[in-house]
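Undergrad: Make a model of this:
(chains A, B, C and D)
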Number of protein chains: 2
Amino acid sequence: MASQLIPEELLERVAQRFKTLSEPIRLQLLNQMMVTSDEMSVMQLVEETGQQQANVSKHLTLMAREGILVRRKEGQKVYYRINDPSIHGICTLVCGRLQQEVDSNLELVEKS
Amino acid sequence: MASQLIPEELLERVAQRFKTLSEPIRLQLLNQMMVTSDEMSVMQLVEETGQQQANVSKHLTLMAREGILVRRKEGQKVYYRINDPSIHGICTLVCGRLQQEVDSNLELVEKS
DNA sequence: CTAATATATTCCTTTACTGGAATTTATGCA
DNA sequence: TGCATAAATTCCAGTAAAGGAATATATTAG
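TA: Model (predicted):
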């Protein structure tokens, strides 16, 4: 049946993609790059996120391996940017939904 | 700055949502419910996925706690259905992107 | 050649989560 | 009342992955 929303062959990959997005620091990094809408060096991202350099580097390397980011080396610096155009929409959808949930809960609290 | 794509306050929750979606069996369950576009009992889902009852139950309970599913009990049966309308779009986006990646790789292989 | 800067990698400990097996709880039926 | 069915829960062992610290690699400047 080709009418599957998630084709059997993609199941593992889809899960993997979500797993990659399931870490706050990685979302922070992606968020920075989306807001900047440009490539950013590791150091810039370290500063923006306040995380350890080694840690940031690990997460960037991981996301690059997953195909979410691309890496460009220039001199001693390495620039990363988002390679997956769907990331923006995905995050927008999830955030929209979660914001709704938060708002509904607030409403409930206020009503009580 | 309110122009953040992922607001700081939502960061943890967004990550959590992605983590919930990062398990193949859970995606299978969601897929079934989306394809059926109706609620399904635990047993139905056990049959469709071929997984252990206890395991299916655990994952359903988890997703219900997360607000992705709703639980309705009728007699001795429990029916679950998708409560989060964004799930469909999110999965569609990710699948579309990953299918593209797969296709590009195939192309590369054939060219060589 | 040496020091400094930028990034990546390795090692380690800790934590979180998964599935299996067994058990418990709840409901319906004889 | 007791049995069967449906679902949930508990306990457990195995695994994966995260962050910290230290170190390695690469590039540029002096």
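
Undergrad: What's the local residue count around residue A:104?
TA: A count of nearby residues for residue A:104, using other Cβ atoms under 10 Å in any protein chain shown, gives 11. For the C-beta atoms, the positions are set from N, CA and C on the backbone; glycine is no exception.

Undergrad: Tell me how far it lies from residue A:25.
TA: Per Cβ to Cβ, to the nearest Å, residue A:104 is found 28 Å from residue A:25.

Undergrad: Also residue A:66?
TA: Distance from residue A:66 to residue A:25, by Cβ to Cβ: 15 Å.

Undergrad: Would you report the backbone torsion angles of the nearest residue to residue A:20 once chain neighbours are set aside?
TA: Sequence neighbours aside, residue A:66 is the residue nearest to residue A:20 in space, at 5.0 Å (criterion: Cβ to Cβ, 6 or more residues apart in numbering or on different chains). The phi/psi pair for residue A:66 (degrees, to the nearest 10) reads phi -80, psi -10.

Undergrad: my read: residue A:66 touches residue A:17, true?
TA: Yes. Using Cβ atoms under 8 Å, residue A:66 is in contact with residue A:17, at 7.1 Å.

Undergrad: So which of these two has more stuff around it?
TA: Ranked by neighbour count (other Cβ under 10 Å), residue A:66 and residue A:17 place residue A:17 first, with 26 against 18.

Undergrad: list the contacts for the more buried one?
TA: A:66, A:68, B:94, B:97-98 (Cβ atoms under 8 Å, 6 or more residues apart in numbering or on different chains).

Undergrad: quick one: what helix or strand has it in it?
TA: In this assignment (DSSP states H and E), residue A:17 forms part of helix A:11-20.

Undergrad: okay, the angle between that helix and helix B:11-20?
TA: Between helix A:11-20 and helix B:11-20, the angle comes out at 160 degrees (axes from the mean of the first three to the mean of the last three Cα atoms, to 10 degrees).

Undergrad: any idea which helix or strand comes after helix A:11-20?
TA: helix A:24-36.

Undergrad: Would that following helix count as contacting DNA strand D?
TA: Yes. Remark: helix A:24-36 sits within contact range of DNA strand D at residue A:25, by Cβ under 7 Å from any atom of the strand.

Undergrad: Are that helix and DNA strand C in contact anywhere?
TA: No. Judged by Cβ under 7 Å from any atom of the strand, helix A:24-36 makes no contact with DNA strand C; its nearest approach is 11.3 Å.

Undergrad: Need the contact partners of the helix or strand that that helix is followed by.
TA: Downstream of helix A:24-36, the next assigned helix or strand under DSSP H and E is strand A:40-41. Strand A:40-41 is contacted from outside by A:32-33, A:48, A:77-81, using Cβ under 8 Å, 6+ apart.

Undergrad: For strand A:40-41, which strands pair with it and how are they oriented?
TA: strand A:77-82 (antiparallel) (DSSP bridges).

Undergrad: The strand it pairs with and DNA strand C in contact?
TA: Yes. Applying Cβ under 7 Å from any atom of the strand, one finds strand A:77-82 touching DNA strand C at A:77-79.
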